[in-house]
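Novice: How does the following fold in three dimensions:
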Amino acid sequence: MAYNRGKTGRKYDVIYALFALVLGMFLAWVTGDIGGRGLIGNVLVHYGIWLFAGSLLAFYAGDTLKSGIAAFACYGGAVCAYTLYVYLAGGGGDMRLFIYRLILAVIGALICIVSHNSHQKEWIGGICAAVAPSLMIAEGYPAFYSRSYALIFELILACALYLILARGRDKRLMGLPFVIVFSFALIYFDAFNRILGGWI
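Specialist: Numbers count the residues shown, from 1 in each chain. The predicted model follows:
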């Protein structure tokens, strides 16, 4: 009986990872089609929707290892699908850009692993829950003066993600100061442009 439960669990893990892979590939293909055009296209070309999707996949994975596998399957699949789309569209292949995006996928998976650990109790869980939403807020804050609907939507997603990751009033209160500090630091030091500006 224990063997059957173990076999079922492994089958579920494989299906979950395949779902993450297909989701990443689908979103990347849609991004190739409409990226930068209209509300949905503009949402897809920002990091927020990807952090939101990867963090949710990681949060609901069974453990830390499975969360990393699911997140990387999503991001790695997205990188491969988008690269294939560009190639088929006649854009050629840039191996340097492909490698950079794979590195970015690994970094994204590590952030999602942190999101998974928001399951931890008290301060540790609160801090882990603050990381991904803070990154989304840092990218979305120009909405306050640009009135970009895509960035406004990203800020809404950041709030929703924090409420999902930080379960319970106490954990949310513990994590909130870290959201403020992390977001302020990322905005003040212009982290997205400094770290990622030359990558993609």
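
Novice: When you work out contacts or count neighbours from here on, use the C-alpha atoms and nothing else.
Specialist: Noted.

Novice: what's the burial count for Ile15?
Specialist: 12 (other C-alpha atoms under 10 Å).

Novice: Packing partners of the helix or strand hosting it?
Specialist: In the assignment (DSSP states H and E), Ile15 maps to helix 2-34. Counting contacts by 3 or more C-alpha pairs under 8 Å, 6 or more residues apart in numbering; DSSP states H and E, helix 2-34 packs against helix 38-44, helix 64-88.

Novice: among the ones you listed, which is the most enclosed?
Specialist: helix 64-88 (a mean of 23; mean count of other C-alpha atoms under 10 Å).

Novice: Taking helix 2-34 as reference, get the angle to that helix.
Specialist: Relative orientation of helix 64-88 versus helix 2-34 (axes from the mean of the first three to the mean of the last three C-alpha atoms, to 10 degrees): 30 degrees.

Novice: Please shift the residue numbers so they start at 410 in all later answers.
Specialist: All set: I'll call the first residue 410, so the last point we hit is now helix 473-497.

Novice: chain center to the following helix or strand past helix 473-497, what's the gap?
Specialist: Counting by DSSP H and E, the next helix or strand C-terminal to helix 473-497 is helix 504-525. A distance of 9 Å separates the centroid of the chain from that of helix 504-525, by C-alpha atoms, centre = their mean, to the nearest Å.

Novice: residues making contact with helix 504-525?
Specialist: 460, 463-464, 467-470, 472-473, 476-478, 480-481, 484-485, 488, 492, 537-538, 540-541, 574, 608-609 (C-alpha atoms under 8 Å, 6 or more residues apart in numbering).

Novice: show me what contacts the residue nearest in space to the middle of the chain?
Specialist: Within the chain, one residue has its C-alpha closest to the average C-alpha position: by C-alpha atoms, centre = their mean, that is Leu460, at 1.7 Å. Neighbouring residues of Leu460 by C-alpha under 8 Å, 6+ apart: 517, 521, 541, 545.
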